[in-house]
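Colleague: okay, sequence plus prediction incoming.
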Amino acid sequence: MTKIYGHRGWKGAYPENTLLGIGKAMELGVDGIEIDVHMSKDHEIMIMHDETVDRTTNGTGYIKDLTAQELKLLSAGEVFSYLPNYQADWNNELIPTLKEVLDLLAPEQTALNIELKTYVFPYHGIEELIVNAVRKYGRGRKVVYSSFHLPSLIRLKKLDPSVEIAWLLHQPIPGIDDYLATFHLDSIHLEQNLYLQQANSLRKYRNKTRVWTVNDSEKMKRLSSLEVDAIITDYPDQALSMFEEK
Ligand code: G3P
Ligand code: CA
């Protein structure tokens, strides 16, 4: 049965990468949550998609140039007032840390997909901080580390050979088998059209494939029939109700 992961929490309905959105996705009963991480100036792991706070908060600047305390002064909900179920108290939503997300997930066994946004700024030492935080606060939960940046995945595996690492791809890679074997990659996270266009040749990887970002119901159905391990969607509510109907 194809699993459902909420993309950036529940991006289609709540402020992305916030405790609010992650909590609401958990209430839905998603199988997993996908989040993005960067590192602050004082080496705190912060949950955000972009390198800067400009698009998703009421502040400006690079995450790497701001301390966690400075980042915690910003609203991570205010700019999402265009979403249909916006409420004024979203303005109080803050940028979460990885520890806060792990604490929120604690009561449930929801999987956590941590995407390391390390291809623009490599954030020296981020892999070690993340592995240590998950060891300390993860309480044995299933964690999948993903990244477009292969060196980050290699470092994570070196730090802890038992972790699951997933390579994010949005373009075809010739010789993918060699990469999987050489770098001990456990799974691949593929852009939806890339997977669908090459479904025949990629089918052998289906039980280690998660596909993003799948918001179209026909594509959800097709990917489910192709038996991929999971789809990552902005609309986990729609995906869950559609799969329940089947
Ligand atoms: O993890 C899959 C997907 O989230 C990658 O794209 O830009 O939404 O982080 P992006
Ligand atoms: Ca992501």
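Modeller: Cool, got the structure. Ligands and ions are numbered 1, 2, ... in the order given.

Colleague: run a quick neighbour tally on the nearest residue to Pro161 once chain neighbours are set aside.
Modeller: Nearest residue to Pro161, sequence neighbours excluded (CB to CB, 6 or more residues apart in numbering): His184, at 7.6 Å. The way it works is simple: take the backbone N, C-alpha and C, and place the C-beta from them, glycine included. His184 has 12 neighbours, counted by other CB atoms under 10 Å.

Colleague: what of the one 10 residues further on?
Modeller: As a burial measure, Leu194 scores 17 neighbours (other CB under 10 Å).

Colleague: which ones are touching it?
Modeller: The contact partners of Leu194, taken as CB atoms under 8 Å, 6 or more residues apart in numbering, are 169-172.

Colleague: with adjacent residues omitted, what lies nearest to the residue of the chain found nearest ligand 1?
Modeller: Closest residue of the chain to ligand 1, CB to the nearest ligand atom: Trp212 (3.7 Å). Using CB to CB, 6+ apart and skipping the chain neighbours, the partner closest in space to Trp212 is Ile232 (4.0 Å).

Colleague: quick check, the helix or strand harbouring the one you found touching ligand 1?
Modeller: Taking DSSP states H and E as the criterion, Ile232 maps to strand 230-233. Yes. Using CB under 6 Å from any ligand atom, a contact is recorded between strand 230-233 and ligand 1, made by Ile232.

Colleague: so which residues make contact with that strand?
Modeller: Here strand 230-233 makes contact (CB under 8 Å, 6+ apart) with 2-7, 12, 31-32, 34, 113, 189, 210-215, 220, 223-224, 239.

Colleague: try it again at 10 Å.
Modeller: Under the contact criterion CB atoms under 10 Å, 6 or more residues apart in numbering, strand 230-233 has outside partners 1-8, 10-12, 30-34, 111, 113, 115, 144, 146, 187, 189, 192, 195, 209-216, 219-220, 223-224, 239-240, 243.

Colleague: pull the CA atoms of that strand into CSV?
Modeller: Provided in CSV are the C-alpha atoms of strand 230-233 (Å, rounded to 0.1, in the frame of the first residue of the first chain):
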residue,chain,number,x,y,z
ALA,A,230,5.2,6.6,-0.9
ILE,A,231,4.0,9.8,-2.4
ILE,A,232,4.9,13.2,-0.9
THR,A,233,2.0,15.6,-1.4
